[in-house]
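Participant: quick one, fold the following:
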Amino acid sequence: MGNAARWPAALAVVAAFSAHAQTPSPLAEWQYSAGVPLMKLYGAKVPEWQVQVGAAASLRPVYEGTQRYHVLAGPSFDIRYRDLLFVSTGEGVGVNLLRADHWRAGVAIGYNLGRRMADDPGRLNGLGNINFAAESKLFGEYAVSAAFPLVVRIDVRRSLGGTDGWIGDIGAYLPLPGSSERFFWFAGPTVTFGDARYMSRWFGVTSAQAMRSGYPQYKADAGLKSYGAGFSAIWFFREHWFVTGDMAVGQLTGSAAHSPITQKAANTVVDLSLHYQY
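Facilitator: Purely as a prediction, here's the structure:
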């Protein structure tokens, strides 16, 4: 990467910059922590405290598979203590249990906003609500090398309520040419898998739901749920102030794409935020 030699000082300041609200959307899991593994890879000193606060707005689907979009807006923050603990509107509340120069692995608690019939009465009436729920998360990230700073991320999440199901992601991203001490951008793909309980709750139609909603009964199978790609950028326009932008496209596939609930298999999300870093 062209300006990689100049990154250590900037990475010591950046740490993590994706701190947006979690909810089912095409935004990839790696976009919530883009840049974190690269700081140590380039030998930057990890500060004792890293604190970022700000506000974010997101244009995203009301739920996966719909044609309806809405805007979510609110506070955004990312607080990290050394290379150990973090509290973030993106990554959740977690701890890096294992860590080294090229990788980290840990556990976290996040959240899922669920899906309500009131979000789209014409399409969801009779299907029941998927309630807001906390999510437990196991994750691991590995950065290949300073010469080839590809980061691979794997995570597995379990909904503690809501769907009571398992979902997992495999993603990767790479800094793009033109990144510098004040501007970073990343891009990469991701694939997402769900177990039978998760898939059935989001995309299946039980016999009881079929009677209430008018949809045919439908069984959503475990396996590949979606694939997609994401793009994230950060720009420090002042010493402590920066803006971030994220965009991602997700394509539902398999039984998720063929579900009678799904109107549109391809969904897009766009996030924009303004932060102050202490």
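
Participant: secondary structure element for residue 72?
Facilitator: strand 69-81 (DSSP states H and E).

Participant: no wait, residue 186
Facilitator: When elements are defined using DSSP H and E, residue 186 is found to belong to strand 183-194.

Participant: tell me what that strand is packed against?
Facilitator: strand 166-175, strand 223-236 (3 or more Cβ pairs under 8 Å, 6 or more residues apart in numbering; DSSP states H and E). Any C-beta I mention is one placed from the backbone N, CA and C, and that applies to glycine too.

Participant: to residue 89, which of these lies closest?
Facilitator: Smallest distance to residue 89 across these (Cβ to Cβ): 15.2 Å, for strand 223-236.

Participant: could you report the neighbour count for residue 192?
Facilitator: The local packing of residue 192 (other Cβ atoms under 10 Å) involves 21 other residues.

Participant: hang on, it packs against residue 227?
Facilitator: Yes. Judged on Cβ atoms under 8 Å, residue 192 makes contact with residue 227 at a distance of 7.3 Å.

Participant: which neighbours do those two have in common?
Facilitator: residue 250 (Cβ atoms under 8 Å, 6 or more residues apart in numbering).

Participant: next secondary structure after the strand holding residue 72?
Facilitator: Strand 69-81 is succeeded, C-terminally, by strand 85-88 (DSSP H and E).

Participant: relative to strand 166-175, how tilted is the strand holding residue 186?
Facilitator: Calculated by axes from the mean of the first three to the mean of the last three Cα atoms, to 10 degrees, strand 183-194 forms an angle of 160 degrees with strand 166-175.

Participant: how far does strand 183-194 sit from the chain's center?
Facilitator: 9 Å (Cα atoms, centre = their mean, to the nearest Å).

Participant: give me the three-state assignment for residue 211.
Facilitator: Using DSSP: H, G, I helix; E, B strand; the rest coil, the structure places residue 211 in helix.

Participant: ok, the residue lying closest to it once chain neighbours are set aside - contacts?
Facilitator: If the residues on either side of it in the chain are set aside, residue 211 comes closest to residue 126, at 7.9 Å by Cβ to Cβ, 6 or more residues apart in numbering. With contacts taken as Cβ under 8 Å, 6+ apart, residue 126 has the following neighbours: 117, 209, 211-215.

Participant: tell me the backbone dihedrals of residue 126, please.
Facilitator: Backbone torsions of residue 126, given as degrees, to the nearest 10, read phi 100, psi -10.
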